[in-house]
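below: sequence and its predicted model.
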Amino acid sequence: MSTPYFGMATGLRLALPGMAERGRGHIVNVCSLVARFPLQGLAGYNASKFAALGLTQSVRMEMADSGVSISAVLPSPVKTELASGIDFGLFPQVDAEDIADAIVKSVHTRAAEIGVPGYLALAARTSTLLPEVVTRPVRRLLHDDAAINRVDKSRRGAYLDRIATDD
């Protein structure tokens, strides 16, 4: 399991007891839309985000009557250097400010999940209701393999070279 998952689990373990004791609080876990709609070529990343969302959902249920709520924010890929050179196909890249807005929104709504952008989260949730024989051709048309087949190696290479030399 990935370090981000363990960081999230540790954060919950540390924050929840005090909130439960007070009978109020809200935690926001930033997961990813790939937790609902995995992309080819990102199996490890997809798995860690499935785990993060599963943890968030489970703990939300466990805390339901405690006054503490937990939300999962599920963003599309974020416009950062980490995503440089990668074509995410059907997933548009979003600004960090969009994710911050979703986090603030969760504090007010206490929604279980908030997708960024919202329309894509709805599509990802409903896609699981359709049989694979229907979704696979649609996903191909939408280039769900773009993260592995449409990479700008020069842009990606510059980022990978930089992080390899950073200490």
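That came through fine. Numbering: from 1, shown residues only.

please make it C-alpha for all contacts and neighbour counts, starting now.
OK.

buried sites along stretch 50-66?
50, 51, 52, 53, 55, 56, 57, 59, 60 (16 or more other C-alpha atoms under 10 Å).

how close does the spatially most central residue of the chain sit to residue 15?
Closest to where the C-alpha atoms of the chain average out (C-alpha atoms, centre = their mean) is residue 32, at 0.8 Å. The gap separating residue 32 from residue 15 is 22 Å, by C-alpha to C-alpha, to the nearest Å.

returning to that earlier point: which of the buried residues of stretch 50-66 fall within helices?
Cross-referencing those against helices under DSSP state H gives 50, 51, 52, 53, 55, 56, 57, 59, 60.

next up, the contacts around the third one.
So the one you mean is residue 52. The contact partners of residue 52, taken as C-alpha atoms under 8 Å, 6 or more residues apart in numbering, are 5, 8, 29, 31.

and if you look at the fourth one?
Contact partners of residue 53, counting by C-alpha under 8 Å, 6+ apart, are 31, 35, 72.

so for the residues you listed, which is the shakiest by pLDDT?
On pLDDT alone, residue 35 ranks lowest of those, at 89.

and the residue lying closest to that one once chain neighbours are set aside, what is it in contact with?
In this structure, residue 35 finds its nearest non-sequential neighbour in residue 50, 4.4 Å apart by C-alpha to C-alpha, 6 or more residues apart in numbering. Residue 50 is in contact with 34, 35, 36, counting by C-alpha under 8 Å, 6+ apart.
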